[in-house]
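Asks: just to be clear, the model below is a prediction. Sequence and coordinates:
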Amino acid sequence: MNLLDWLVLIGSIVGIAAYGTWRTRRTNSLNTYLKGNHNTGWMTIGLSVMATQASTITYLSLPGQAYENGIAFIQNYFGLPLALILVCAVFLPIYRKLGVYTAYEYLGRRFDAKTRLLGATLFLLQRGLQAGITIYAPAIILSTVLGWRLDLTILFTGLMVIVYTVTGGSAAVNLTQRWQMAVIFGGMVTALVVLLTKLPDGALSIAGALGKLTAVDFTPDLRQRYTFWSGLFGGFFLSLSYFGTDQTQVQRYIGGAALREGRLGLMFNAVFKIPMQFCIVMLGALLFVFYQFEPNTPVFFNQTQWLHQKAGPEGGRLQAIEEKHRLILADKRLKIQAWMAARQGTEPSVEASSKTAMLAAQRASDAVRKEARDTLRAIDPKAKTKDSDYVFITFILTQLPHGVIGLLIAVMFASALSSKAGELNALGTTSTIDIWRHFRPLAAQDEARNVHNAKWFTALWGCFAIGFALFVSFAENLIEALNIVASIFYPALLGVFVVAFFLKKVGGSAVFSAALASQTLVLVLFFTGKIYPAHEIGYLWLNPIGCATCVVFSLIFQAFIGHSDDSEKAPIGSSV
């Protein structure tokens with residue numbers, strides 16, 4: 001990076017943060033601080049919802065995931081539009097009618113205090129962990145690629161977002177996310193345009209022949225992570241959890257100017273979310289093609305770690321692997337070109353044999369990359385050998401012109417700031433409304449004190465996330481890690497909301513016990529699969545299983561408990 005890159009990077013990030021801080025410097029109303037301005041329009045809501053969910057992990061990790069495994073991950077979003085329609089029809093009208101600050105406040109009115117606390121606790125636990133992942137992801141990658149100290153990178157991004165989120169609350173988040181999304185879209189479009197100019201003719205055909213363009217898989221196998229069915233059903237329940245029960249999303253749309261604004265903001269996401277994710281996974285598939293013809297394609301994309309070990313006593317082994325990879329890549333390039341030429345001919349047998357040779361070369365390439373990872377792990381057992389998260393950042397730093405590099409790095413920081421801000425704002429809100437005010441009910445009327453406490457809770461959660469990011473590491477592909485964590489903790493929570501909305505005769509004691517039983521079952525299913533891989537199911541299926549289990553258990557427990565505990569609160573839910 002040169003001076004121009006640094007000017008673009010610092011100017012974009014500091015400018016956006018300063019703008020949000022200045023515009024919301026006099027936010028003293030609890031309603032505005034927690035919900036945002038009541039005149040917030042649907043476009044701002046829609047962009048804020050999208051920015052909160054589309055973190056740096058999306059832009060760094062998803063292209064790498066597609067580079068390795070193709071675009072099948074897009075099936076993860078097939079159920080999202082249906083989920084958003086249901087949120088617009090059921091969840092949003094009730095939240096606005098009751099004027100709640102959090103989704104879990106509704107659970108207290110519909111059921112009882114313990115159910116509200118359970119819902120808030122599940123959210124705080126899950127989202128608190130994800131906040132750490134959100135800040136860890138860009139920090140670990142950027143510090144490695146740019147040579148920054150990891151701890152200083154985490155502190156820099158974390159403290160910056162704490163400052164303007166604490167200062168302006170939800171209003172600051174909504175304002176800044178609109179501009180952050182502009183930076184993000186501009187940077188991603190720029191990267192895609194540059195990539196397209198560097199691709200050979202027939203790039204899509206090459207990607208398809210090498211198995212990177214299989215978007216839909218109708219295999220009815222629960223152990224398969226991404227299929228049409230897991231995406232439609234599991235993705236539907238996961239999206240319903242995110243947008244209907246996760247306070248980071250709920251908080252973005254309940255404070256709009258009117259019910260119509262919230263609905264239009266969500267429909268904006270229903271229409272544009274899948275195309276946006278599709279463009280990102282296609283970017284990853286095209287990066288795969290690009291690196292088949294790039295002579296300097298690394299055998300391991302985390303070059304900082306690779307070069308560090310290569311300079312050590314085992315450097316000879318790594319250098320031999322590099323040379324083997326260079327020869328295999330050159331051979332594969334020739335076989336790809338032979339197959340492309342054979343496609344123009346009239347002999348199907350020649351094309352078939354050329355494709356067979358090309359696929360054999362691809363398997364050899366995969367094998368040497370696996371050998372590189374295994375060797376690194378043997379040299380340093382603590383080494384992070386999942387390098388797919390480094391594919392896109394490697395392309396940015398080695399292929400894009402100066403100035404654009406700074407813009408794309410700004411994209412990573414901007415998306416980190418926007419997601420982090422939304423998470424901290426929601427964590428602070430839930431802690432204030434559902435936890436602190438529950439134990440200090442007499443303080444509920446002191447608005448200034450509530451705003452003060454919300455700011456303190458926001459800052460504390462920010463510090464927790466920074467601490468978590470400083471002391472942990474992650475083995476999964478990062479975008480998958482986020483969804484796996486959500487699929488563990490959210491199915492039971494979604495089941496509680498489904499019962500609240502649709503089963504008016506079920507009371508708090510029954511649904512509370514059912515949620516605990518459902519959460520236990522999900523944990524057993526997940527960890528049993530880790531211990532006995534033959535029993536593992538795709539994590540998306542945990543969402544419908546956990547939700548359905550909670551609903552069924554609620555009905556069973558209510559049948560034993562009777563209708564005397566707190567089912568008189570059912571009219572709130574029956575307004576659906």
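Replies: Okay, I see it.

Asks: next one, pLDDT for residue 447 please.
Replies: Note on residue 447: pLDDT of 64.

Asks: check residue 127 too.
Replies: pLDDT, residue 127: 85.

Asks: buried residues in the helix or strand in which it is found, which are they?
Replies: Using DSSP states H and E, residue 127 falls within helix 113-146. When burial is assessed from 16 or more other Cβ atoms under 10 Å, helix 113-146 yields the following buried residues: 115-124, 126-145. Bear in mind the C-beta positions are built from the backbone N, C-alpha and C, glycine included.

Asks: repeat for stretch 392-400
Replies: Applying a neighbour-count criterion of 16+ other Cβ under 10 Å, one finds 392-397, 399-400 buried in stretch 392-400.

Asks: mind checking which of those residues are in strands?
Replies: Among the buried residues of stretch 392-400, no member falls in strands (DSSP state E).

Asks: and which of these is nearest residue 482?
Replies: Set against residue 482, the nearest of the buried residues of stretch 392-400 by Cβ to Cβ is residue 392 (16.8 Å).

Asks: my read: the closest one touches residue 284, true?
Replies: Yes: Residue 392 is within contact range of residue 284, at 7.3 Å (criterion: Cβ atoms under 8 Å).

Asks: shared neighbours, these two?
Replies: Common neighbours of residue 392 and residue 284 (criterion: Cβ atoms under 8 Å, 6 or more residues apart in numbering): 63-64.

Asks: for the stretch 151-300 of the chain, which spans come out with low pLDDT?
Replies: Applying pLDDT under 70 to the stretch 151-300 of the chain flags residues 164-165, 167-183, 255-257.

Asks: mind telling me what element residue 217 is part of?
Replies: Using DSSP H and E, residue 217 sits in no helix or strand.

Asks: which residues does it contact?
Replies: With Cβ under 8 Å, 6+ apart, residue 217 has these contacts: 72, 75, 224, 226-228.

Asks: how about the nearest residue to residue 234, chain neighbours excluded?
Replies: residue 540 (2.9 Å; Cβ to Cβ, 6 or more residues apart in numbering).

Asks: find the nearest non-adjacent residue to residue 4, please.
Replies: Residue 4's closest residue in space is residue 403 (Cβ to Cβ, 6+ apart), at 4.8 Å.

Asks: measure the one you found to residue 276 for me?
Replies: 24 Å (Cβ to Cβ, to the nearest Å).

Asks: more neighbours: which of these two?
Replies: Ranked by neighbour count (other Cβ atoms under 10 Å), residue 403 and residue 276 place residue 276 first, with 17 against 13.

Asks: now name the helix or strand holding the more buried one.
Replies: Assigned by DSSP H and E, residue 276 falls in helix 259-293.

Asks: now residue 353
Replies: Counting by DSSP H and E, residue 353 is found in helix 348-379.

Asks: tell me how far that helix lies from the chain's centre.
Replies: Helix 348-379 has its C-alpha centroid displaced from the chain centroid by 30 Å (Cα atoms, centre = their mean, to the nearest Å).

Asks: quick one: that helix to helix 259-293, angle?
Replies: 100 degrees (axes from the mean of the first three to the mean of the last three Cα atoms, to 10 degrees).

Asks: buried ones in helix 348-379, by neighbour count?
Replies: Neighbour-count burial for helix 348-379, counted by 16+ other Cβ under 10 Å, picks out 351, 354-355, 357-359, 361-362, 364-365, 368-369, 371-373, 375-376, 379.

Asks: contacting residues for residue 235?
Replies: By Cβ under 8 Å, 6+ apart, the contact list for residue 235 reads 75-80, 83, 540.

Asks: so can I have TSV of the residues you listed showing pLDDT?
Replies: Shown next, in TSV, are the contacts of residue 235 (pLDDT from 0 to 100):
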residue	pLDDT
75	94
76	92
77	93
78	94
79	94
80	93
83	94
540	93
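
Asks: most neighbours of all these, which one?
Replies: When the contacts of residue 235 are compared by neighbour count (other Cβ under 10 Å), residue 540 ends up highest, at 29 neighbours.

Asks: can you tell me the SS state at that one?
Replies: In terms of secondary structure, residue 540 is helix; the call rests on DSSP: H, G, I helix; E, B strand; the rest coil.

Asks: contacting residues for it?
Replies: Shown in contact with residue 540 (Cβ under 8 Å, 6+ apart): 76, 225-226, 230-231, 233-235, 238, 483, 487.

Asks: quick check: the two most widely separated of those?
Replies: 233 and 483 (14.7 Å).

Asks: higher neighbour count, the two?
Replies: More crowded of residue 233 and residue 483, by other Cβ under 10 Å: residue 483, with 23 against 17.

Asks: surely that one and residue 539 touch.
Replies: Yes: counting by Cβ under 8 Å, residue 483 touches residue 539, with 6.9 Å between them.

Asks: a markdown table for the contacts of residue 217, including secondary structure and distance to residue 185?
Replies: Formatted as a markdown table, the contacts of residue 217 follow (DSSP: H, G, I helix; E, B strand; the rest coil; distance: Cβ to Cβ, whole Å):
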| residue | secondary structure | distance to residue 185 |
| --- | --- | --- |
| 72 | helix | 24 |
| 75 | helix | 24 |
| 224 | coil | 32 |
| 226 | coil | 25 |
| 227 | coil | 30 |
| 228 | helix | 28 |
